[in-house]
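**Student:** Build me a model:
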Amino acid sequence: MHIAIAGNIGSGKSTLTELLAKHFGWQPHYEDVETNPYLHSFYEDMQRWSFNLQVYFLNSRFRQVVEIRKSGKTVVQDRTIYEDAYIFAPNLHDMGLMDTRDFNNYRSLFELMISFIQPPDLLVYLRASVPTLVKQIQKRGRPYEESIRLDYLKNLNDRYEAWINTYREGKLLIVDVDNLNFAENPEDLAGVIEKITAKLHGLF
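**Tutor:** Residues are numbered from 1 along each chain as shown. The predicted structure is shown next:
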């Protein structure tokens, strides 16, 4: 099975991916952050590097999905291929940080790629307000994320909500994380695990 964790920057995707992998014995697939050759450059000059970064992520996540299906194992994935195409790339385009020619080229490549892959068996969306995102981003202290603007996070949140409201690819679980701390509170984690188990086994 393929379980995917979706959510904005700082919503807790990597943390939940790690905790679920440990609890269920699933194989985790993380977002390529530390070895991504474009990420630091992107935050320094978004307009120059936006297309390169999005194509890198698209390629990386397409490879991940292909590997997940080939492996025959149950995998929990940190962020999906859909988020790049429906949230991050169009947001950069609308902000004038990716030109229309590059954006159209990117979308064409995405549409070709998804025709070859299956959607996740379960999508878990971590819904978080901007203050929660900011708190989490500050807590993990990645230097290149210090320049992220509040309006950028808000725009991404709006796009996430629009995407989730139209998501029909498979099973969906929405988890409001503003009042949860599954990293430090076992009861909060147990509640999320219970909901995921129920969704996977069709209990609701």
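**Student:** which is the next helix or strand following the longest helix seen in the chain?
**Tutor:** Assignment by DSSP state H gives helix 46-71 as the longest helix of the chain. Once the chain leaves helix 46-71, the next helix or strand it forms, by DSSP states H and E, is strand 75-78.
**Student:** neighbouring contacts of that next one?
**Tutor:** 1-5, 13-14, 17, 20-21, 24, 26-31, 64-65, 68, 120 (CB atoms under 8 Å, 6 or more residues apart in numbering). Bear in mind the C-beta positions are built from the backbone N, C-alpha and C, glycine included.
**Student:** Which strand residues bridge residue 127?
**Tutor:** residue 176 (DSSP bridges).
**Student:** remind me which residues of this protein are low pLDDT?
**Tutor:** Scanning the chain with the threshold set as pLDDT under 70 gives 33, 144, 147, 203-204.
**Student:** what about the helices in the chain?
**Tutor:** 13-24, 39-44, 46-71, 81-83, 89-94, 100-114, 130-140, 150-165, 186-200.
**Student:** Distance from the chain centre to the second one, please.
**Tutor:** Taking CA atoms, centre = their mean, to the nearest Å, one finds the center of helix 39-44 at 18 Å from the center of the full chain.
**Student:** what's that helix packed up against?
**Tutor:** Counting by 3 or more CB pairs under 8 Å, 6 or more residues apart in numbering; DSSP states H and E, the packing neighbours recorded for helix 39-44 are helix 46-71.
**Student:** Of all the residues in the helix it packs on, which ones are buried?
**Tutor:** 46, 49-51, 53-58, 60-62, 64-65, 68 (16 or more other CB atoms under 10 Å).
**Student:** Might you report the residue contacts of residue 92?
**Tutor:** 46, 50, 54, 98, 103.
**Student:** Nearest to residue 175 among these?
**Tutor:** residue 54 (26.1 Å; CB to CB).
**Student:** dump the residue contacts of the closest residue to that closest one other than its chain neighbours.
**Tutor:** The shortest distance from residue 54 to any non-neighbouring residue, by CB to CB, 6 or more residues apart in numbering, is to residue 89 (4.9 Å). Applying CB under 8 Å, 6+ apart to residue 89 gives the contacts 50, 54, 98, 103, 106-107, 110.
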